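In: missing the sequence, but the structure's below:
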């Protein structure tokens, strides 16, 4: 009921500014930096941590503003974090317009959930759309994640959330069926079964278009490990070509936007170290459904320092996973396994790749636990996919390794992905030794991961930890328990400092 | 049970870097920027959004790291946001050491609360200490706030939280009693009673050492308004001097660290627009207890666009406020008032100051609603403080304005704070007019606040909105409903754009 006689400004007028790439790495967080005396900051009433809407010729993003009173930026510049730079698809000096961003409408739904009300599919859909569009700040994301943990997601909410997480991303479809997939509920260093599983099942003609993640907080993701053996940054067309040709692939999932909301929520869940059943189910299943899977095997390692800490918790989780999976026509089988210690010997991209290669090549001395676990999982898929009779899948898988078919298939997959590579070797090493003789009574997976990361993994591909002992092994004083690998002296030293501080990584008890 | 033969690095060795002030404004958020190729980033395994512990010669802080692959920083530089710069108390080029920060131990307690368990006083104490020390990221803060809203704080938790919020900050004490204080539960534009209340009660010798806040999301805080009439950035010694001399003061609370956790939590609560009873009580009372108050009047405006939206909610809130206040020996009286429309005529620092001055000076045409409300609140304090008999406080307050004592006291307080000032006047103005004749049926407080902010308030002191009508007024077509004031043409335009977009700020209904 008010009118004004003055004309409205249009976007190309007073709000036009120039893009500047600042090279600031923030993970997915969109940050912009503008001078405090920038005319747009003043006229838009922008202040520290304002949410702003930025438009380039091609794209529009929502970002958090930090005003700057210094001259590394010009008065008409908009400094962009790498994520914002990518999101806007600009070149240096391109014109941008900046405006106040209205807060995301779905925040009302988040508040609704905070106040204890259940959300319906539409509400989850609005929230996921806003999250994927970058309209949620960390504060908003953390509130959503926490609200869904404080009053846990019920069955219907879990299903609805899963569905909308699929809907906001891309969805792959493959000719024919079954399409098999595999997921490990994380937390266990060195658990690098995926390349072996893909090689085995693809040898039998099962289609397994596996997209994997890079490490976020762990010393290596499957994509990091695979990358030491072959290129993994394939676009959708290249993935299709590899799968058509070889039935399987092991690529990085980052270039296909499968359940993009999941990538954002996972970062928050990890920062909070909370991982509730409902959110875990939505996270895992949305990725698999979006990837076009029809049959799924889930590996749930159980142990005191693994993600799932008891058999009861694993059983409850697997029951719900199977049930929600069914809703989407995804036939899911769960494999609960021993998660008390790392799998294989290596922790870190190249060290884990060496284990994978040793298993596939059938080298004597290859880590038997890794081979056994990979064959168990591949066996489930062979049975699910009708390539082995019930109870015979694992045997068929073992045979596929023994007769060299899996190794041959793996090499062809690597070639199809762009050419096989030889994993690098570390330049700096130092053992951690037993301070007394006895039996290895406990191994702390979390501290081992931390040690591998401090040594440089996953950025330094050859860095990490090489295990020499397993639970129950007898060791004598001064015998090496593991070797720390690094690519620089400083990183090696830093990892060793940490080991000296936390000498409870290995518990050796007098026998 | 591991040993290493290599010597540990010490802080002055490989981790020494140089401080660089980047002039980045983040509110209280501590950010640091380091080159991706900085040797410390590599050796410490630091990556985007790592929490780091930074040490200067004087201070130690926890900050969030953004790695930078650009040359506005040197390879040995640590670029600091303004908050981090202040926290470290450094000069450009000073030596800093940077290390990985272990995550705050009290995050375990936050997770405990997320999973639905109640926290005890010790747990709240650990959380508040970590929050004040800057060990919580936004994600952690939002999780804490959300967890305490999803499963609301009970009586005991509210009391415990209030107590530890007091404990982690400074605490003022004043000779003698009563020490009176006043708080308005926010959400009502122009509700600037504080300077008037202080002037009245101080005229009667009651001690009222009032610390006020600056605007965070509103167009003006009391400190912003007061600053247009006198300096408000006083340190503790200066505050004591003013209060000793004049019995009262109206200063900015930012230079005395009263309940510093509150300042941090409030930012998160505002970003989420959640404000639960328990957190509101802890927030309000912790500030007042820390300020040394013994008697408190609370103004709770009730209206559809005010913070408290119903009389029932106001009654429930005031019951708990009084009860928890009693636990701390704080005698609290609540005044529930009409919050359906702004108080006074001005919205914005200088415009509100003009209203305050008009009331104190007894100018004809001074806003009666502001005078009435200020006298009600001052009256309660005069009664609580034994300066008026029960039921007579408001009359005494009115008399104190009428006979000029309040105005004289206010001028003396301004002089004692550093000298009286004259509020500025805007250079650009434009009216919003009624598009039809009728009765003013509704006024949206939130949209009015937004309008005032877009016009430049509170940074532009003279900017804001001047109201010409109140609820129930008859207006004719094209009659001005309010005038937008700005200090620049761009800001005026931007506010008018907003008004044109949201024409439901005023509802004029045909009579």
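Out: Happy to help now that I have it. Because the structure is a prediction, the values reported are computed rather than measured.
In: could you pull out the strands for the stretch 351-500 of chain A?
Out: A:428-434, A:438-443, A:464-467, A:474-475, A:480-486 (DSSP state E, counting those that start in this stretch).
In: does the fourth one come close to chain B?
Out: The one in question is strand A:474-475. No - using C-beta under 8 Å from any C-beta of the partner chain, we find that strand A:474-475 stays clear of chain B, coming within 9.5 Å at best. In short, each C-beta sits where N, CA and C put it, glycine included.
In: what do you get for stretch A:313-331?
Out: No - using C-beta under 8 Å from any C-beta, stretch A:313-331 stays clear of chain B, coming no nearer than 13.3 Å.
In: Please list the residues of the stretch 301-450 of chain A that sit near chain B.
Out: A:430, A:432, A:433, A:434, A:435, A:436.
In: ok, the fourth one - contacts?
Out: It stands for residue A:434. Counting by C-beta atoms under 8 Å, 6 or more residues apart in numbering or on different chains, residue A:434 touches A:475, A:476, A:477, A:478, A:479, A:480, A:481, A:506, A:508, B:1, B:2.
In: What sits closest to it if chain neighbours are left out?
Out: The shortest distance from residue A:434 to any non-neighbouring residue, by C-beta to C-beta, 6 or more residues apart in numbering or on different chains, is to residue A:475 (4.6 Å).
In: Run a quick neighbour tally on the one you found.
Out: 21 (other C-beta atoms under 10 Å in any protein chain shown).
In: does it have beta-bridge partners, and which?
Out: residue A:438 (DSSP bridges).
In: which residues touch it?
Out: Contacts of residue A:475 by C-beta under 8 Å, 6+ apart are A:434, A:437, A:438, A:439, A:440, A:469, A:481, A:508.
In: and if you look at residue A:163?
Out: Contacts of residue A:163 by C-beta under 8 Å, 6+ apart are A:121, A:328.
In: Tell me the confidence at it?
Out: We have a pLDDT of 96 for residue A:163.
In: Mind telling me what element it is part of?
Out: helix A:155-167 (DSSP states H and E).
In: And that helix, what's buried?
Out: A:157, A:158, A:159, A:160, A:161, A:162, A:163, A:164, A:165, A:166, A:167 (16 or more other C-beta atoms under 10 Å in any protein chain shown).
In: and the fifth one, how far is that from chain B?
Out: According to C-beta to the nearest C-beta, to the nearest Å, residue A:161 and chain B sit 17 Å apart.
In: wait, what's in contact with that residue?
Out: Contacts of residue A:161 (C-beta under 8 Å, 6+ apart): A:124, A:128, A:148, A:153, A:278, A:279, A:282.
In: distance of it from residue A:127?
Out: 9 Å (C-beta to C-beta, to the nearest Å).
In: tally of neighbours for the closest residue to residue A:133 other than its chain neighbours?
Out: Distances taken as C-beta to C-beta, 6+ apart place residue A:62 nearest to residue A:133, at 6.7 Å, with adjacent residues excluded. Look at residue A:62: counted by other C-beta under 10 Å, it has 21 neighbours.
In: between the strands of the stretch 351-500 of chain A, which one is nearest to residue B:84?
Out: Using C-beta to C-beta as the measure, strand A:480-486 is the one of these that comes nearest residue B:84, at 29.8 Å.
In: Determine how far that closest one lies from the middle of the whole chain.
Out: 26 Å (C-alpha atoms, centre = their mean, to the nearest Å).
In: is the residue nearest to residue A:133 in a bridge, and if so with what?
Out: Going by DSSP bridges, residue A:62 forms beta bridges with residue A:53.
In: And residue A:508, by the same measure?
Out: Bridge pairing for residue A:508 - DSSP bridges - gives residue A:440.
In: residue contacts, it?
Out: Counted by C-beta under 8 Å, 6+ apart, residue A:508 has contacts A:434, A:435, A:436, A:437, A:438, A:439, A:440, A:441, A:475, A:481, B:1.
In: Restricted to buried residues, select the residues you listed in PyMOL.
Out: Provided next is the PyMOL selection string for whichever of the contacts of residue A:508 are buried by 16+ other C-beta under 10 Å:
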select buried, (chain A and resi 434+438+440+475+481) or (chain B and resi 1)
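In: Where is pLDDT lowest across the contacts of residue A:508?
Out: residue B:1 (42).
In: any idea how far residue A:77 is from chain B?
Out: Residue A:77 is 12 Å from chain B, by C-beta to the nearest C-beta.
In: Between the buried residues of helix A:155-167, which sits nearest chain B?
Out: residue A:157 (14.2 Å; C-beta to the nearest C-beta).
In: quick one: that closest one and residue A:276 touch, right?
Out: No - between residue A:157 and residue A:276 there is no contact under C-beta atoms under 8 Å: 11.3 Å.
In: Could you name every residue contacting both of those two?
Out: Joint contacts of residue A:157 and residue A:276 (C-beta under 8 Å, 6+ apart) are residue A:148.
In: count of neighbours near residue A:494?
Out: With other C-beta under 10 Å as criterion, residue A:494 counts 28.
In: Can you give me the distance of it to residue A:425?
Out: 20 Å.
In: ditto for residue A:338
Out: 30 Å.
In: for residue A:162, what are its contacts?
Out: So, once contact is read as C-beta under 8 Å, 6+ apart, residue A:162 ends up touching A:281, A:282, A:285, A:286, A:289, A:324, A:328.
In: I meant to write residue A:27 there.
Out: A:83, A:267, B:48, B:49.
In: what about it, distance to residue B:77?
Out: If you go by C-beta to C-beta, the gap between residue A:27 and residue B:77 works out to 22 Å.
In: Could you tell me how many residues sit around the residue of the stretch 401-511 of chain A found nearest chain B?
Out: Of all residues in the stretch 401-511 of chain A, residue A:490 sits closest to chain B, at 3.6 Å by C-beta to the nearest C-beta. By other C-beta under 10 Å, 19 other residues sit near residue A:490.
In: Then residue A:329?
Out: If we define neighbours as other C-beta under 10 Å, then residue A:329 has 9 of them.
In: got it, and residue A:231?
Out: Residue A:231, neighbours per other C-beta under 10 Å, totals 16.
In: hmm, back to that, hmm, residue B:38 and the residue of the stretch 401-511 of chain A closest to chain B touching each other?
Out: No - using C-beta under 8 Å, residue A:490 is not in contact with residue B:38; the gap is 11.2 Å.
In: In contact with residue A:485, which residues?
Out: A:348, A:351, A:426, A:428, A:429, A:455, A:462, A:463, A:464, A:465, A:466.
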